[in-house]
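Visitor: what's the 3D shape of this:
(chains A and B)
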Amino acid sequence: MRSLAAVIQTMTAYETVIGLEVHCELATASKMFCGCPNEFGTEPNTNVCPVCLGLPGSLPVLNARAVEYALRVAEALHLEVPDRSVFSRKNYFYPDMPKNYQTSQYDEPITVNGWLDIDGVRVGITRAHLEEDTGKSQHIGVGGRIHDADFSLVDYNRAGVPLLEIVSEPDIRSAEQAKRYVEELRATLLAVGVSDVKMEEGSLRIDANVSVRSPGSDALGTRTEIKNLNSLRSLLRAIDYEADRQWTRTQAGEKVVQETRHWDEEGGRTISGRSKEEAHDYRYFPEPDLVPVEPTGQMREHVRESMPELPGARRARYVEQWGIAAEDARILVDVPGLAEYAEHAVAALAGDGGSAKDVVNWVRQDVLAYLNETGLAPAVLAPEMLAELVGLVAGGTISRQQAKDVLAESLREDKWPRSIVESRGISQVSDEGAIAEVIDRVLATNPGVADEYRAGDDGARKKKWGFLMGQVMRELKGKGNAQVINRILEQRLAGG
Amino acid sequence: MAADVRAGTRSAREVLDEYFDAITDREPEVHAFNVVLSEEAREAAAAVDAAVARGDDPGPLAGVPIALKDNMCTRGIPTTCSSRILDGWRPPYDATVVQRLRAAGAIVVGKTNLDEFAMGSSTENSAFGPTRNPHDLSRVPGGSSGGSAAAVAAGFAPLALGSDTGGSIRQPAALCGVVGVKPTYGVVSRYGLVAFASSLDQIGPFATTVEDAALLLEVIGGHDPLDSTSIARPAPDLLSGLGDGVSGLRVGIVDEMTEIEGIEPGVRDAVRAAGAGLEAAGAKVDTVSVPSATYGISAYYLIAPAEASSNLARYDGVRYGLRVDADDVAHMNAATRESGFGPEVKRRIMLGTYALSAGYYDAYYGQAQRVRTLILRDFERVYEQFDALLAATSPTVAFELGAKTADPLAMYLCDVCTVPANLSGHPAMSVPFGTGEAGLPVGVQVLAPTLGEPTMFRVAGAIEAAGGRTPR
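Guide: Prediction:
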């Protein structure tokens, strides 16, 4: 563990330059070049056919939906779409790649030159291109890596799943900013409906290109590429570790080697990948089994017309319409399905009160905690139930504290809040006449307390107030509406 | 023959038995087949006869035996490419052409020998031994579809399919005295054809007559959604115009593919005589120059190996075929490929890998593609003035076994007249026309513009009619 001083020292001593390659699995019904289902978590080697197994004689046929999805992303990320793009073969041997080449795009990608704004910073996007995913290897043996495995098993269900590789410019300057970029990109991909963006299932995988330099320098340092980061936490930790490692080397007069590195989650460090001797020459050449992709104006128009509201615009709308904080709006938009849930709940608010802001407060705290705990998606919850709960609080039927319990039960048992309140008999007493009566009785049974209150200093007043409040609540069996009690008690004590 | 079977005057079974008699008689000395499918063929023939008996339409090729080059996938039947590396592999699917043949009532009698992965011009590069030319057993049948050409020439089947990447249908057709057709790239689906060089490979017919070849191409041609490079058009209509003659057609004899160094006088004379025959039939015949055609062979021997080096990467011992065990995956891959591929395949994989390497791509593969574009443009220009072209198919008649095996370059030059049509994608076919040196068959090549098959077949038909049919 480094001291805080040391951390601050290194933080200010250098600038980190980061470019990210985000591999996004597209949620098409079938694979990129064949009709096999594109599904996660099925029995190994069941979603396969001659094409995605690369059997001799088989040929690829491009999935038109994958092209459409790439065009949707292009719209969202302000990418240009050239009139023509070409698939190329990337040649290298690896057992989870059935043809020992990956059909990808090289010098003529489907989209180029876009950008994504994050917190007022514009990150350039060099390109986003289509390619096929590989199978998945499982190495059985001590190390779990191919080199020391006793044997390996390969599942080709993922082979041929369409990927969009989104390559950023080296415009990112910190691990935190890299995380924000991925979050924003994830929200965008989700909004345009091209991916389920589940990092834990590998739907988003990230390679980070990292280099360091002295602040104020324009030159780029030698970069390393950290492969296959599959969580935001790994992304943060890996970039911080790697930048620090590079800076330490440079300061010691050593050179940073341009290489591929792997992130060791347990060890909290990056490890050198391939050695130079094994450096790959991918021998890219145009894929002769496919024809160039030439998106028509009609296709692009169709995509443009069906574009949904993008995350940035959506957040701005919530802040403006609902009066909520920017951070709350961000959470709503970033968590898949949460904004839709909140919108439905707001729409379901009855006339008896409660605001969109109230709804959002409940959503981002209690509802989100419940979803995190259970792993459920917002779509399984009934937003009308939350709206009813917000109404019960606003109308004074239950207190916020009571509402927390009611909401927990409502979510867990899928019950309407009002029925929970009724069956528990916990609705609070808000009737002013009834409360005034109790207050008067308490003051009568405790003569002198009111005078002592009026005569006392702040400390004494606070004590007496607490005493009277407690007595009233006891009379009301804890169901008194605290706001109403406060108001009437204040009147009585101010009078005298 | 199909007409007789369809009419029920001859049974498919009777037809098949005749051809099996020929196979029994001569196959041991010719070795056209890697496998003869006696049982499967008899079952298929029985099914055709049953269909005829029921009054169902048994298809345009009802009961016609056909031999398939052993690089086309046949469901459940070994498909070897005459390579050890595919040892034991049985495809789980039929190639599109095989499906279309079955649907048309054709009877697959066997899978024919080839140069390993279709790389060669003599069928000597086969892991299962060479095929011999039925006209002279001391000579090669040409290649790489030598087994298919020999099967038709020897009367083992009236029809066969081959694949043509640089001349692999036309050259063996010429050397064996049969008709061989390389259609326009994209007319016949490549789905299920084990790839050699994807941008050049095309399946096509072998037959004893131009008409039979036309019938077969009509059956196997036409758009296939499983092949992205397949042309979105139905099969060409060939038979209806076959008898229209060549009167008024403009035919050019390509200087660079006829008057070449090393061409045998008999071959050159045959091309000239075929031209004279066409003129007599009413065509306007002239000579024409396509200068870039001479660069075809250099471009071809960069592009084809480059694509092959990638296409053949999948044979690694991991999923199917041969596996030679070793300590780790990389060494297993290497040992498998070392043992599974023959020398010519290895040579081309190395050539192709080199041509695509960083730093060499532009000088080799890139330059070859530019030459390819040049050849395409030159031919397109020539087709503005001519409806079809004539040329030699092979510079020589069939040569002796072993004559060129020690000299790969001499072997590569066999393709000098045929590769231009693969590079340009245009259709071309070889028609037998007389005999040349040692009384062996000579083929004349007819070439046509993109989708010019109807004209090409008319010209080929006229050459066939002009005489010079090779005696059996």
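Visitor: Run a quick neighbour tally on the nearest residue to B:Met1 once chain neighbours are set aside.
Guide: In this structure, B:Met1 finds its nearest non-sequential neighbour in B:Val64, 5.7 Å apart by C-beta to C-beta, 6 or more residues apart in numbering or on different chains. Backbone N, C-alpha and C define where each C-beta goes, glycine included. Neighbours of B:Val64 under the rule other C-beta atoms under 10 Å in any protein chain shown: 28.
Visitor: Would you mind measuring from B:Val64 to B:Ala104?
Guide: Remark: distance between B:Val64 and B:Ala104 (C-beta to C-beta, to the nearest Å) = 8 Å.
Visitor: Do I have it right that B:Ile66 meets B:Val152?
Guide: No: using C-beta atoms under 8 Å, B:Ile66 is not in contact with B:Val152; the gap is 9.5 Å.
Visitor: Span of stretch A:81-101 from start to end?
Guide: 26 Å (C-alpha to C-alpha, to the nearest Å).
Visitor: what about it and chain B, touching?
Guide: Yes: using C-beta under 8 Å from any C-beta of the partner chain, we find that stretch A:81-101 touches chain B at A:89, A:91, A:93, A:95, A:98-101.
Visitor: what pLDDT does the spatially most central residue of chain B get?
Guide: Among the residues of chain B, the one closest to the centroid is B:Ile169, at 2.2 Å (C-alpha atoms, centre = their mean). For B:Ile169, the pLDDT comes out at 98.
Visitor: so what's it up against?
Guide: With contact taken as C-beta atoms under 8 Å, 6 or more residues apart in numbering or on different chains, B:Ile169 is in contact with B:145, B:148-149, B:162-163, B:180-182, B:204-206, B:430.
Visitor: still on that earlier bit, how about the residues of stretch A:81-101 next to chain B, which pair is most distant?
Guide: A:Arg89 and A:Pro95 (17.6 Å; C-beta to C-beta).
Visitor: of these two, who's got more company?
Guide: More crowded of A:Arg89 and A:Pro95, by other C-beta under 10 Å: A:Arg89, with 26 against 21.
Visitor: If that one is in a bridge, with which residues?
Guide: Judged by DSSP bridges, the bridge partners of A:Arg89 are A:Thr103, A:Phe285.
Visitor: Tell me which entries of the residues of stretch A:81-101 next to chain B lie within strands.
Guide: Within the residues of stretch A:81-101 next to chain B, membership in strands is found for A:89, A:91, A:101, as judged by DSSP state E.
Visitor: Can you mark which positions in the helix or strand where A:Asp328 lies are buried?
Guide: Using DSSP states H and E, A:Asp328 sits in helix A:326-334. Neighbour-count burial for helix A:326-334 flags A:328-334 (criterion: 16 or more other C-beta atoms under 10 Å in any protein chain shown).
Visitor: Let me know the pLDDT of B:Leu302.
Guide: pLDDT, B:Leu302: 97.
Visitor: so who does it touch?
Guide: With the criterion set at C-beta under 8 Å, 6+ apart, B:Leu302 makes contact with B:351-352, B:355, B:364-365, B:367-368.
Visitor: buried subset of the residues you listed?
Guide: Counted by 16+ other C-beta under 10 Å, these give B:351-352, B:355, B:364-365, B:367-368 as buried.
Visitor: Go through these and name the one nearest chain A.
Guide: Nearest to chain A among the buried ones among the contacts of B:Leu302, counting by C-beta to the nearest C-beta, is B:Tyr365 at 6.2 Å.
Visitor: Helix, strand, or coil at the closest one?
Guide: Look at B:Tyr365: counting by DSSP: H, G, I helix; E, B strand; the rest coil, its state is helix.
Visitor: pretty sure it contacts B:Pro305?
Guide: No: with contact defined as C-beta under 8 Å, B:Tyr365 does not reach B:Pro305; the gap is 9.6 Å.
Visitor: element containing B:Pro28, please.
Guide: Here B:Pro28 sits within helix B:12-30, counting by DSSP H and E.
Visitor: now A:Asp196
Guide: Using DSSP H and E, A:Asp196 sits within no helix or strand.
Visitor: before we move on, the earlier item: now do the shared contacts for B:Ile66 and B:Val152.
Guide: With C-beta under 8 Å, 6+ apart, B:Ile66 and B:Val152 have common neighbours B:158-160.
Visitor: quick one: which of those is nearest chain A?
Guide: Of all the shared contacts of B:Ile66 and B:Val152, B:Ala160 has the smallest distance to chain A: 18.1 Å, by C-beta to the nearest C-beta.
Visitor: Now do the strands in the stretch 151-300 of chain B.
Guide: B:159-164, B:179-182, B:202-207, B:250-254, B:284-288 (DSSP state E, counting those that start in this stretch).
Visitor: Ranking the ones you listed by mean neighbour count, which comes first?
Guide: Highest mean neighbour count among the strands of the stretch 151-300 of chain B (mean count of other C-beta atoms under 10 Å in any protein chain shown): strand B:179-182, with a mean of 33.
Visitor: average pLDDT for that one?
Guide: 98.
Visitor: now do stretch A:199-211
Guide: 95.
Visitor: got it, and stretch B:314-331?
Guide: Here the average pLDDT along stretch B:314-331 is 94.
Visitor: Would you mark the buried spots in it?
Guide: Quick answer for stretch B:314-331 (16+ other C-beta under 10 Å): B:314-323, B:329-330.
Visitor: Name the residues that touch that stretch?
Guide: A:53-56, A:93, A:95, A:98-100, A:146-147, A:152, A:154, B:84-89, B:332-341.
Visitor: got the CA coordinates for it in PDB?
Guide: C-alpha atoms of stretch B:314-331 as PDB (Å, rounded to 0.1, in the frame of the first residue of the first chain):
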ATOM      1  CA  ARG B 314      -8.200 -24.300 -40.600                       C
ATOM      2  CA  TYR B 315      -6.600 -27.700 -41.100                       C
ATOM      3  CA  ASP B 316      -4.900 -27.600 -37.700                       C
ATOM      4  CA  GLY B 317      -5.900 -31.000 -36.100                       C
ATOM      5  CA  VAL B 318      -8.200 -29.300 -33.500                       C
ATOM      6  CA  ARG B 319     -11.600 -30.100 -34.800                       C
ATOM      7  CA  TYR B 320     -11.600 -32.700 -37.600                       C
ATOM      8  CA  GLY B 321      -9.300 -34.700 -39.900                       C
ATOM      9  CA  LEU B 322      -5.800 -35.700 -39.100                       C
ATOM     10  CA  ARG B 323      -4.300 -35.000 -35.800                       C
ATOM     11  CA  VAL B 324      -0.600 -35.700 -34.900                       C
ATOM     12  CA  ASP B 325      -0.300 -35.300 -31.200                       C
ATOM     13  CA  ALA B 326       2.400 -33.200 -29.600                       C
ATOM     14  CA  ASP B 327       3.200 -31.500 -26.300                       C
ATOM     15  CA  ASP B 328       1.200 -28.400 -26.800                       C
ATOM     16  CA  VAL B 329      -1.300 -27.000 -29.200                       C
ATOM     17  CA  ALA B 330       1.100 -25.000 -31.400                       C
ATOM     18  CA  HIS B 331       3.300 -28.100 -31.900                       C
END
